[in-house]
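K.L.:
Build me a model from this:
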Amino acid sequence: MGYRRVPFAPGEWYHCYSRGIDKRIVFMDELDAQRFTELLYLANDSEPIRRENFYHRKHEDILRIPRTHPIVAIGAYSLMRNHYHLLIQEIEDDGISRFMQKVGTGYSMYFNEKHDRVGNVFVRPFRSKHVSTDTYLYRVAQYIHLNAAEIFEHSWKRGKVSNLVALQRKLERYPFSSFPDYASDVARIERSILDESARSVLIDRLPRFSVVLAEMRDYYAELNREFKSKR
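P.N.:
Below is the predicted model:
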């Protein structure tokens, strides 16, 4: 059974996230992760997603397809094997709900067809936290970018990081996160997923990893408790 999320309001930022049903892996390979990022781009439109946009097109070509009118602004994102995190702003009424529904449905259709299964892929409804202040906004963006730290530093949640500089370099090269689009001036094609105005505001205000690493551990512990307590 679902629960009532905080109401979404135009102009406000929210951290939205979900994980695979029964904690299952939902991004089995690079192609799965690429399809999800393609959906982050195509679902952010007032027009419905056209399935033919995926047929016989390269990843970079899909991320260049013209859109009519974005319904949310995406400030940051990160994909892990069994979950995802998004920092998104409501542009118009019901924009976040429509966007998340399009992403979830589109990915479930793709994943179920590819892996010969039926049913939901992600826990429903997705979870969300209102980002109430600018300081909080900058920190949450960096929390999302640091989420992939567990791939490279398995003990980071216990406060142990062997080499913070090396970790940051690895995260700068992690392809399924928006952090490379903040860490480098070289524009990769995935930068089209982000709202450029939001990126220009965030890029010079993101706190250093060393500042947010410890508090991020507590933040994600709270998110995990919400999955257990709210059904």
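K.L.:
contacts, neighbours, all on C-alpha from now
P.N.:
Noted.
K.L.:
Just give the nearest non-adjacent residue to the most far-flung residue of the chain relative to its centre, would you?
P.N.:
What lies farthest from the middle of the chain is residue 162; by C-alpha atoms, centre = their mean that is 26.3 Å. Distances taken as C-alpha to C-alpha, 6 or more residues apart in numbering place residue 153 nearest to residue 162, at 7.5 Å, with adjacent residues excluded.
K.L.:
ok, and the closest non-adjacent residue to residue 82?
P.N.:
That would be residue 25: by C-alpha to C-alpha, 6+ apart, it lies 4.3 Å from residue 82.
K.L.:
neighbours around the residue nearest to residue 162, how many?
P.N.:
Close neighbours of residue 153, defined as other C-alpha atoms under 10 Å, add up to 15.
K.L.:
hang on, isn't it packed against residue 166?
P.N.:
No - the pair residue 153 and residue 166 fails to qualify as a contact (C-alpha atoms under 8 Å) at a distance of 10.0 Å.
K.L.:
to the chain's geometric centre, what's the distance from the helix or strand encompassing residue 110?
P.N.:
Per DSSP states H and E, residue 110 falls inside helix 95-115. The chain centre lies 14 Å from the centre of helix 95-115; the measure is C-alpha atoms, centre = their mean, to the nearest Å.
K.L.:
Next: stretch 44-63.
P.N.:
Relative to the centre of its chain, stretch 44-63 is centred 18 Å away, using C-alpha atoms, centre = their mean.
K.L.:
Tell me which other helices or strands the helix or strand bottoming out on mean pLDDT in the chain touches.
P.N.:
Every helix and strand of the chain was ranked by mean pLDDT, DSSP states H and E. The lowest is helix 209-229, at a mean of 77. Under the contact definition 3 or more C-alpha pairs under 8 Å, 6 or more residues apart in numbering; DSSP states H and E, helix 209-229 sits against helix 134-146, helix 164-172.
K.L.:
Walk me through the regions of the protein where pLDDT falls short of the threshold, as ranges.
P.N.:
Scanning the chain for pLDDT under 70 picks out the ranges 1-6, 157-159, 227-231.
K.L.:
Ramachandran coordinates for the residue nearest to residue 82?
P.N.:
phi -70, psi 130 (degrees, to the nearest 10).
K.L.:
how many other residues sit next to it?
P.N.:
Neighbour tally, residue 25, other C-alpha under 10 Å: 16.
K.L.:
so it sits right up against residue 84, yeah?
P.N.:
No - the criterion here is C-alpha under 8 Å, and residue 25 misses it with residue 84 at 11.1 Å.
K.L.:
Is the closest residue to residue 156 other than its chain neighbours within a helix or a strand, and which one?
P.N.:
Closest residue to residue 156 apart from its sequence neighbours, by C-alpha to C-alpha, 6+ apart: residue 150 at 6.6 Å. For residue 150, the element it lies in under DSSP H and E is helix 149-152.
K.L.:
that older thread, can you name the residues that contact the residue nearest to residue 82?
P.N.:
For residue 25, the contact set (C-alpha atoms under 8 Å, 6 or more residues apart in numbering) comprises 81, 82, 83.
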